[in-house]
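# turn this into a structure:
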Amino acid sequence: MIKIGLIGCGKIGQVRHLPEYAANPDCAVTALYDINIERARALAAQYGATAYDSVEALLASDVDAVSVCTANASHAEISIAALRAGKHVLCEKPMATTLADCEAMVAAAKAAGKRLMIGQNQRLAGAHRQAKALIDAGAIGKVLTFKTAFCHGGPETWSVDPGQGTWFFDRKRAAMGAMADLGVHKTDLIQYLTGQTIVEVSAKLAVLDKTFADGSPITVDDNAMCLYRMDGGAMGTMMVSWTDYGAEDNSTVIWGTQGVLRIYDHPEHTLVLEKKGGEVEYFDVDRIQTNDNQTASGVIDMFVKCMQDEDAAYITAESALTAMRAVFGAIESSETGRTVRVNG
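Alright, predicted model coming up:
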């Protein structure tokens, strides 16, 4: 039985990590830590675990692995400490808030000989996996262009401490806004789907609407728009927003020389293949997760499996690193007004 420690007992830990660990018969959550000790104690009582009053105390316990579910700014410090303590690590996205910290996390995992997995759950969504298989099989020919989006009304209701004071809006704790919260998902996803790596970024990040309770603008971006060029020749757009006050948009469309794939873009079908000759195929694989409709992500099961089997596939920190370089490149592009080369 694999013993798990949860570091950070906020919303993502409560609605995804804890219930998914509880549903997996090969592991058990035995330790919890949160800056709000009462929150950790309440969840520990619910899951039959022990609440610790510091990260250091939890890492000194007999857990085999930890989930790092804290605010963005502490991901690297906690993950590296856990790896050095001999624990496998599942770290929530974004991996870290600087490229140097991301690279340090990868180095720490290699030095420790432990798994470091990043929670890029969009790779595991059913329609995305089906689309990946179709692209790899040549169903749309050579990928030419794409557009991918992740837009919703913002994290105010998602945070465990909801409202305009959420840590997502605070640069000191979040470092980045919608670009890190949502953009890292779609940046990672488009590389996964196309099998190509982003090498050039042009972007604009901005605060368009979100404010703190006093009416002042939040200190991170609430919208980001990027143009990506890939090493295989494809190019396309990536848009994320915390100001979509209608239905959530989590769609991706990929155009190729022999057809088009529409993923979570159709009102009735989760995946649509439009072939060059006019034939259309529909695939009803699943429904994408939303903040208000959580389903099993597959991330926890993958993490547990990779600890049991050294040959098992998992979302490696190395594979997430290329997406993080593109994210940081987008921020630099927005700040300088220039196109930025990344990953090479």
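# what about the helices in the chain?
11-12, 18-23, 37-47, 55-59, 75-84, 99-112, 126-136, 171-174, 178, 184-194, 299-308, 317-336 (DSSP state H).
# pick the most buried one from those helices.
Mean neighbours per residue, mean count of other C-beta atoms under 10 Å, is largest over the helices of the chain for helix 178, with a mean of 28. (Each C-beta comes from the backbone N, C-alpha and C, glycine too.)
# re earlier: now the helices of the chain as JSON lines including distance to Lys147?
Below are the helices of the chain laid out as JSON lines (distance: least, C-beta to C-beta, whole Å):
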{"stretch": "helix 11-12", "distance to Lys147": "27"}
{"stretch": "helix 18-23", "distance to Lys147": "31"}
{"stretch": "helix 37-47", "distance to Lys147": "40"}
{"stretch": "helix 55-59", "distance to Lys147": "40"}
{"stretch": "helix 75-84", "distance to Lys147": "29"}
{"stretch": "helix 99-112", "distance to Lys147": "26"}
{"stretch": "helix 126-136", "distance to Lys147": "14"}
{"stretch": "helix 171-174", "distance to Lys147": "26"}
{"stretch": "helix 178", "distance to Lys147": "17"}
{"stretch": "helix 184-194", "distance to Lys147": "9"}
{"stretch": "helix 299-308", "distance to Lys147": "25"}
{"stretch": "helix 317-336", "distance to Lys147": "16"}
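# low-confidence ranges, the stretch 201-344 of the chain, go.
Residues of the stretch 201-344 of the chain that meet the criterion pLDDT under 70 lie in 287-295.
# strands of that one, start to end?
Per DSSP state E, counting those that start in this stretch, the stretch 201-344 of the chain has strands spanning 223-230, 235-241, 252-256, 259-263, 271-275, 280-283, 340-341. These are given in chain order.
# returning to what we had before: right, and the helices of the chain - which one's nearest Thr257?
For Thr257, the closest of these is helix 126-136, at 11.8 Å, according to C-beta to C-beta.
# ok, which of the strands of the stretch 201-344 of the chain comes nearest Ala131?
Going by C-beta to C-beta, the one of these nearest Ala131 is strand 259-263, 5.1 Å.
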